[in-house]
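# the amino acid sequence is not available; the structure is as follows:
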């Protein structure tokens with residue numbers, strides 16, 4: 001049964017939707033149907049809407065004992081450092097103008113091909129669009145930096161389980177800055193990986209990068225998963241609302257897939273939750289630089305003349 005089409009035909013404020021059986025989860029949860037709905041900007045899916053979906057659309061077409069669970073969409077933000085080479089002998093455009101037009105192409109790609117549930121980022125597709133921005137561009141390179149934004153509990157210990165769903169480059173994982181207390185002393189710190197097979201995460205002091213905690217969690221570079229069992233966060237640096245975790249995918253032309261991405265957990269207890277799949281949106285990182293928080297600018301474009 002195509003529940004997605006049935007639901008979208010009833011509600012006009014849905015931007016994208018994913019519906020799947022619990023057998024697709026990790027671990028599988030049989031007897032459940034999961035629904036992730038991304039509403040149109042400026043709108044919400046109310047509890048009344050959800051009740052209507054269950055009562056009028058799903059329940060009449062499913063087994064009586066089937067349970068329905070709504071899952072909030074989550075976002076992987078993609079930052080890009082783009083360099084384009086162009087032949088200045090065949091164009092009157094300045095480097096700044098070419099860089100501006102490339103930015104427009106990038107924004108259009110995310111607006112038309114991503115920003116919806118279950119839409120994948122394909123490096124080669126975006127690279128080809130960039131090369132076609134003007135006839136003068138003959139090559140480009142892109143560094144891809146991904147991050148997730150998680151809620152946290154201020155003044156409490158937090159648990160984070162994160163899945164990027166791509167192979168992570170060793171030494172690229174880091175968090176934004178936050179305040180914590182260690183042995184009665186307050187510090188401004190961040191979390192990073194040490195590289196190597198052990199996949200150890202450490203807590204470093206912002207002021208000099210010295211290690212304050214030698215093992216705060218683990219990272220699997222091949223699975224793209226991170227586990228931080230317990231970290232005290234008093235507050236975040238830089239006047240931001242979410243803690244961010246950054247990681248670079250491996251390879252020179254990485255794709256990033258939304259299908260199969262699982263729900264990250266942020267909690268002050270060690271309870272185990274089933275991982276939810278197919279509820280991820282890939283969006284462009286449009287952040288401005290925030291030095292206090294250790295947030296880099298989301299997108300940079302450099303146009304280099306040749307010829």
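Yep, that arrived. Small disclaimer: the values here were computed from a predicted structure and weren't measured.

# all contacts plus neighbour counts: C-alpha atoms, from now on.
OK.

# which other residues reach the helix or strand where residue 52 lies?
Per DSSP states H and E: residue 52 is located in helix 47-52. In this structure, residues lying in contact with helix 47-52 by C-alpha atoms under 8 Å, 6 or more residues apart in numbering are residue 70.

# buried ones in that helix?
Using 16 or more other C-alpha atoms under 10 Å as the test for burial, helix 47-52 gives residue 50.

# what mean pLDDT does that helix get?
Mean pLDDT, computed over helix 47-52, is 96.

# one more: stretch 246-260?
89.

# how far away from the center of its chain is that stretch?
Computed by C-alpha atoms, centre = their mean, to the nearest Å, the chain-centroid distance of stretch 246-260 equals 10 Å.

# flag every buried residue along that stretch.
Residues of stretch 246-260 classed as buried: 246-250, 254-260 (neighbour count, 16+ other C-alpha under 10 Å).

# cool, stretch 118-129 as well?
For stretch 118-129, burial by neighbour count (16+ other C-alpha under 10 Å) applies to 118-121, 126-127.

# in stretch 188-198, what's buried?
So for stretch 188-198, counting by 16+ other C-alpha under 10 Å, buried means 188-195.

# residue 91: which of the buried residues of stretch 246-260 is nearest?
Nearest to residue 91 among those is residue 254, at 30.6 Å by C-alpha to C-alpha.

# what sits against the closest one?
122-123, 144.

# same thing but at 7 Å, please
residue 123 (C-alpha atoms under 7 Å, 6 or more residues apart in numbering).

# angles on the backbone of it, please.
Backbone torsions for residue 254, taken as degrees, to the nearest 10, come to phi -80, psi 140.

# grab the nearest non-local neighbour of the most centrally placed residue in the chain.
Note on the chain: the residue nearest the mean C-alpha position is residue 76, at 1.4 Å, using C-alpha atoms, centre = their mean. Excluding the flanking residues, the one nearest residue 76 by C-alpha to C-alpha, 6 or more residues apart in numbering is residue 282, at 4.9 Å.

# before we move on, which element is that neighbour in?
strand 280-284.

# what sits up against that strand?
73-79, 110, 114-118, 258, 261.

# burial count for the residue nearest to residue 1 when sequence neighbours are not counted?
Sequence neighbours aside, residue 61 is the residue nearest to residue 1 in space, at 7.9 Å (criterion: C-alpha to C-alpha, 6+ apart). Neighbours of residue 61 under the rule other C-alpha atoms under 10 Å: 12.
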